[in-house]
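In: let me see the structure of the following:
(chains A and B)
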Amino acid sequence: MPAHAMFRPEDIRFEVDVDPLIAELTRVLPDEGLIVHEAGRRAYECDGLSAYKQLPLLVAVPETIEQVQTVLRLCHEAGVPVVSRGSGTSLSGGSLPHPQGLLLAMGKFNRIHDIDADRRIARVDPGVRNLAISEAAAPYGLYYAPDPSSQIACSIGGNVGENAGGVHCLKYGLTVHNVLELTVVTMEGELTTIGSEALDAPGLDLLALMHGSEGMLGVIVEVKVQLLPHPLTKAVLMASFDNVEHGGHAVAGIIARGIIPGGLEMMDGAAIQAAEDFVHAGYDTDAAAILICELDGSEAEVADQMTAVQDCLREHGATRIQVAEDDEAKARFWAGRKAAFPAVGRISADYYCMDGTIPRKQLAYVLRRISELSAEQGLETVNVFHAGDGNLHPLILFDGNKPGQLEAAETLGSEILQLCVEVGGTVTGEHGVGVEKINEMCVQFATSEIEQFHAIKQAFDPAGLLNPGKAIPTLNRCAEFGRLHVHNGELPHPELERL
Amino acid sequence: MSGKDQADALVEQVVAAHDRHSPLSIVGSGSKAFYGHATPGETLSVTGHTGIVNHEPTELVLTARAGTPLAEIEAALAEQGQQLPFEPPHFSGLGTLGGAIAAGLAGPARPYAGSVRDMVLGLRLINGQGELMRFGGEVMKNVAGYDVARLNVGALGTLGVITEVSLKVLPAPASTATLALEIPASECHPRTEAWLRSGRPVSAVAHDGERLYLRLSGTTSAVADAVSDIGGEPLPESTARAFWQSLRDQTHPFFDPSAEPLWRLSLPPGADLTPFGTPSLIEWAGQQLWVRERADAHAIREAATAAGGSATLFRGELPNVSVFHPLDAVKMRLHQSLKAAFDPRGILNAGRLYPMLEAA
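Out: Predicted coordinates:
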């Protein structure tokens, strides 16, 4: 495990007297609600980023909001850190346990309380799986739009914490655009609601602030989401390009024509080959890149857009265009893209999935640099990405059994993220910072900005007990990483001592 | 691109005010001076800080300085066949980008195209200590750090001076049509839902007490199909545009400024509108209700709370009535601590949002 990415001394500064806490928590959490033994805790030692493991001090599995409130209040009084966790699918170590902390496992909060079909609002527990909301809404002709790739497993509370995205986000927005209201418990154990069923709520937009806050501002105990009517029609087409740059220009061309597709995804040659070998979707394995485009809406809209998109793809040099003739073909076109990660899993012992976002016009340059950086590290990289919004997911192939390869993969990942910042993008599009990208935050943000983040954190959680050591780096960490964002050639706060 | 960068001068003024512990009242064109509580202090004018910094039509992103007039931004977008989806009110016609973001107010398309904050990708902000910072960016997806950019939408300058904003912009629709229909106000919500579920490209729904006005925006054939199927009276294009603009900018006769106070109610979908009295003007298919009756403020707030919404005293004053809907104790404490986190000396737009914020 790379030492630099885990907890720093200031993140593990807590003085915990665990026995009295266990005694009090046992009264609150009967039966299996408190896990103390190591074997039980071991099940929670990592999330979707399995290279990082950490045994929690204790695991609490509450069943009621009152229990969550009491657990937080007791931990607050005892000065014990708390990490909340849903399905544990975070790819950035967002729910990695804290060595001195209690892990609050929200898995029993898994009920869909209400599908209000007339008003298109679903009221659900935070542990409900993303896809389960759409499944429950389907009989009413409704669905929940944000669809992260992990939607079959990931929980809605975690989606809020990471502001998760997915294929539909260019047109239908991220989690933040589709959540109406949250019920939240503060670190002190107080309950409040944020947002409302109305289109806006009074005061500061705390709802926006909670999204992507990675469990550091409060614990979510209920979520109300907006549902959308199923589009009446969907069309899916796939275009081949003999170089990635043409594909990138085709994406820009579609948008320049005023069309916002429901989904617009790209795969490079290596990803096409891996996916085709895995699902036999009929992908063009001679292509350097393929673009999968989904158009949705009324029949009239989709028909108008299909013509325009095909014209545009041809203008931009598409070597082949395939239109899905029926639902089975639509599903097949998508199957390879959706299975790209497991497909890559078949061709490489291990892979490391990165997440960065760039202005789309930089696509060709960034892909070229990724391939150069990969060569320098002696590793291969496969690229699948959300072409519509510039969100890249390079998959770095490595073999964890070969000495040095994990470290090389991590170095390459960090270099790719820094490249994203260099071209005007960001170190994380939708996976969160967690522990994975905390060093690269030092590249993207200036000292004053990082200090402002800490001040926000302190406003919600003065003792710094919620998910410490994640998402927002300490200035000491940045100094050690050796990267502070430099504005106009001047180091911010030159008067400060650097380690 | 054009314009003038006065960020350094703005920073200097904030630093000086911070050092002196003296309040600043942030002002753009003053088009929304009526909105929120009165703010003491020396004027900090953002109107000289202007210009579109970047517009990438194929990236759907526009970045401009805060003092840039909305009209200039909308004209630049229109040249590329694009628009601000949230239709910010211009009120007097002079509104600036910074003011639109700080106020967070959106026009008729809001329920169908998204809110102001939904379209904010990033911004630059001077906090109460005079530090100029950048949050978010110019890309669609970005979860690095807390979402300070969206937090500042609607904060009315209480957390910082917005100096530059990056927005997601969208293509202007190929076709738009407005129908006037003889449908009672109580039918706004169910009728709109039926249209949406049958794939009609609804982009605004309002009711003036007599007729329901439905705007459709989308591809040419989708709008034409909807117009012929739904029926009603199609409004001439110029009449329709003037009507929606009169709602957006509150120049419609309903908004006669001599008849203050004006309440804005933000309500859940399908809410019963009858408890709020008349006359009223209904927007957002019933989710935004304007009430001009000089009613009992307490009763209006109670009714809004009971409906699951909120009530803002949008224009005009009433003795001992807070402009904005009261917050519960936990949220008020969070508001106070957030204010202190951005502006520890309480010098920026003091009291404009909630006078109590300064009490921390």
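
In: can you pull the phi/psi pair for A:Gly157?
Out: Dihedral angles of A:Gly157 (phi, psi; degrees, to the nearest 10) stand at phi -60, psi -40.

In: what do you get for A:Cys353?
Out: phi -90, psi 120.

In: OK, contacts around residue 273?
Out: Just so you know, I chose chain A. By CB atoms under 8 Å, 6 or more residues apart in numbering or on different chains, A:Gln273 lies in contact with A:Thr285. For the C-beta atoms, the positions are set from N, CA and C on the backbone; glycine is no exception.

In: the intended chain is chain B.
Out: Counted by CB under 8 Å, 6+ apart, B:Leu273 has contacts B:Ala185, B:Ser186, B:Leu267, B:Ser280, B:Ile282, B:Gly286, B:Leu289.

In: so which of those residues reach chain A?
Out: B:Leu267 (CB under 8 Å from any CB of the partner chain).

In: excluding covalently adjacent residues, which one is nearest to the residue nearest the centre of chain B?
Out: Geometric centre of chain B, nearest residue: B:Leu105, 0.9 Å, by CA atoms, centre = their mean. The shortest distance from B:Leu105 to any non-neighbouring residue, by CB to CB, 6 or more residues apart in numbering or on different chains, is to B:Pro89 (5.5 Å).

In: what of A:Gly86?
Out: Per CB to CB, 6+ apart, closest to A:Gly86 is A:Ser155, 3.3 Å.

In: which residues in the stretch 301-450 of chain A form strands?
Out: Using DSSP state E, counting those that start in this stretch, the strands of the stretch 301-450 of chain A run over residues A:320-323, A:350-353, A:356-357, A:380-386, A:391-398.

In: give the buried residues for the second one.
Out: I take that to be strand A:350-353. A:Asp350, A:Tyr351, A:Tyr352, A:Cys353 (16 or more other CB atoms under 10 Å in any protein chain shown).

In: how about it as PDB, C-alpha atoms only?
Out: Output of strand A:350-353 as PDB, limited to C-alpha atoms (Å, rounded to 0.1, in the frame of the first residue of the first chain):
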ATOM      1  CA  ASP A 350      -5.300  -6.000 -12.700                       C
ATOM      2  CA  TYR A 351      -6.500  -2.600 -13.800                       C
ATOM      3  CA  TYR A 352      -6.700   0.800 -12.200                       C
ATOM      4  CA  CYS A 353      -9.700   2.900 -13.300                       C
END
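
In: partner strands of that strand, parallel or antiparallel?
Out: strand A:391-398 (antiparallel) (DSSP bridges).

In: just want the angle from the partner strand to strand A:380-386.
Out: 160 degrees (axes from the mean of the first three to the mean of the last three CA atoms, to 10 degrees).

In: follow-up on the earlier one: so who does the residue nearest to the centre of chain B touch?
Out: Counting by CB under 8 Å, 6+ apart, B:Leu105 has contacts B:Lys32, B:Tyr35, B:Pro88, B:Pro89, B:Val116.

In: would you confirm that the fourth one contacts B:Gly107?
Out: In this case it means B:Pro89. Yes. The criterion here is CB atoms under 8 Å, and B:Pro89 meets it with B:Gly107 at 6.0 Å.

In: quick check: neighbours shared by those two?
Out: B:Arg248.

In: which stretches of the stretch 151-300 of chain A form helices?
Out: A:156-162, A:169-172, A:206-210, A:244-256, A:269-279, A:299-315 (DSSP state H, counting those that start in this stretch).

In: is chain B within reach of the second one?
Out: Yes. Contact of helix A:169-172 with chain B (CB under 8 Å from any CB) involves A:Cys169, A:Leu170.
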